[in-house]
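Undergrad: Any chance you could fold what I've pasted below:
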Amino acid sequence: MRLGLRLGRHVDGIVDSYFGPGELAAEVDAAPPVDPATLVADAEALHAELDEGWLRDQVAGLRTYAGVLAGEERSYADEVERCYGVRPTYTDEAVFTAAHERLEELLPGDGALAVRVERWRESMRVPADQIEPIAAAVAEEARAWTRGLVDLPGGEEVQLEIVRDKPWLGYCEYVGDLRSRIAVNVDLPISAMELIVLMLHETYPGHHVERCCKDRALVQEQGLLEETIVMVPTPQSLVAEGIAVLAPELVLESDGGAVLASLVNDAGIEFDLGHAIAVTRAHDPCEWAEVNAALLLHEERRSADEVRAYLERWALMTPQLAGHLIRFLTEPTSRTYVMNYPAGRELCRAYVAGERVRFRRLLTEQVRVRELVEARDLARSR
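TA: The predicted structure follows:
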């Protein structure tokens, strides 16, 4: 915890959440920032003391990031792998071509496919003045659905706020005491499907639920204080994003989907849930184009313009959204983070394999990335 807080003195946002002992945070804040080379040595010493397991994995990620701050030279792919436990590799563009062919079937009509995708999104765009009330309603209904999945701690709650000028679309800040602040960035237009997915991702049964359940089960009941700090460049981020990306699938492909669709329809927005799910599923493989884009940017040193064109072609992004992602890929806190979304989805989907009890385990226990990789590889071998 002290190591993580000291790293956080160098880059704002590397500590995603801290709700541990106030005196420890005050001690770190009162002292001068520790030299990154010293933090590397501290991380290596701590890593050597720990037994093989979840906590040792987190320290390995922190040691890697301390090395970045200390100026160590390593490839982008090495940095990602050492932080999160999964190595980014180029996805063959044939994968994206196949996804595009399926989208062509689902979105027939005139114009280029990217134009049709954007036209489809625009057809269910949420007016700016309806984003907050619809988001709040989705969260409330999703909370009710989640109670049938896991025992939510009494007193948990979320606070919704609308923000602008952020490198992300949505954010869950867990502040402790079973409470989270949920921010929705309205810089970019948002469709009904995107808003529903975003809220399920950030609230119920996504990020907020994971943090609440682990606060109660691991911190309050087992005294695992290491769970009171959430660090961005660590394997727990990949697991967290895998949970949050899988969460909308669980809800929307169950009886909860119809309830959420009715909220949108009642607001006067035309929304076909079944078709939206099919389009979203067909587009999922294109998210690996974002990892390719990161490799182009950081490994091959391609220009921002080249990477933007790549995202527009293969990820079917608008120029505005592609520019937003490039900003995300160049922020110190998120330059390596993009891997966590498609890899987290792939690994957690293979691990859960339709069994809700396994999703509950992800929400309440310290599951290692290594365990998820083994589950995926086993599924592939069958």
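Undergrad: Can you tell me, leaving aside adjacent residues, what's nearest to Arg87?
TA: Ranked by Cβ to Cβ, 6 or more residues apart in numbering and with sequence neighbours excluded, the top spatial neighbour of Arg87 is Glu81, at 4.0 Å. C-betas here are computed from N, CA, C, even on glycine.
Undergrad: mind checking pLDDT for the one you found?
TA: Among the per-residue scores, Glu81 shows a pLDDT of 98.
Undergrad: Would you mind giving the secondary structure of it?
TA: helix (DSSP: H, G, I helix; E, B strand; the rest coil).
Undergrad: How many residues are close by it?
TA: 17 (other Cβ atoms under 10 Å).
Undergrad: for Ala139, same thing?
TA: Ala139, neighbours per other Cβ under 10 Å, totals 19.
Undergrad: Now do the contacts for it.
TA: Residues counted as contacts of Ala139 (Cβ atoms under 8 Å, 6 or more residues apart in numbering) are 158, 160, 182, 199, 203-204.
Undergrad: Can you give me the distance of the residue nearest to Arg87 to Ile134?
TA: Here the criterion is Cβ to Cβ, to the nearest Å. By it, Glu81 lies 39 Å from Ile134.
Undergrad: Arg216 too?
TA: According to Cβ to Cβ, Arg216 stands 29 Å off from Ile134.
Undergrad: do Arg143 as well
TA: From Arg143 across to Ile134, the span is 15 Å (Cβ to Cβ).
Undergrad: Neighbour count for the two, which is higher?
TA: The residue with the greater number of neighbours, taking Arg143 and Ile134 and applying other Cβ under 10 Å, is Ile134; the counts read 22 against 18.
Undergrad: Can you name the residues that contact that one?
TA: When contacts are counted by Cβ under 8 Å, 6+ apart, Ile134 touches 126, 192, 195, 263-264, 267.
Undergrad: For burial, what's the neighbour tally of the closest residue to Ile190 other than its chain neighbours?
TA: Residue nearest to Ile190 in three dimensions, not counting chain neighbours: Val126, with 5.6 Å by Cβ to Cβ, 6+ apart. Around Val126 sit 24 other residues, with neighbours defined as other Cβ under 10 Å.
Undergrad: And Ala45, by the same measure?
TA: 12.
Undergrad: Could you do Gly20 as well?
TA: Gly20 is surrounded by 19 other residues when neighbours are defined as other Cβ under 10 Å.
Undergrad: how close does it sit to Pro205?
TA: Gly20 sits at a distance of 24 Å from Pro205 (criterion: Cβ to Cβ).
Undergrad: One more: Glu118?
TA: When Cβ to Cβ is the yardstick, Glu118 and Pro205 sit 30 Å from each other.
Undergrad: ditto for Leu218
TA: Leu218 sits at a distance of 17 Å from Pro205 (criterion: Cβ to Cβ).
Undergrad: can I see the domain layout of the protein?
TA: With automatic domain parsing as the criterion, the domains of the chain are listed as 2-84, 93-381.
Undergrad: Kindly indicate the member of the contacts of Ile134 with the most neighbours.
TA: When neighbours are counted by other Cβ under 10 Å, Ala192 leads the contacts of Ile134 with 27 neighbours.
Undergrad: Check for me that Tyr171 belongs to a helix.
TA: No. Using three-state DSSP, the secondary structure at Tyr171 is strand, not a helix.
Undergrad: In the sheet, which residues pair with the nearest residue to it once chain neighbours are set aside? Tell me.
TA: Residue nearest to Tyr171 in three dimensions, not counting chain neighbours: Ala183, with 4.5 Å by Cβ to Cβ, 6+ apart. The residues listed as beta-bridge partners of Ala183 by DSSP bridges are Glu161, Tyr171.
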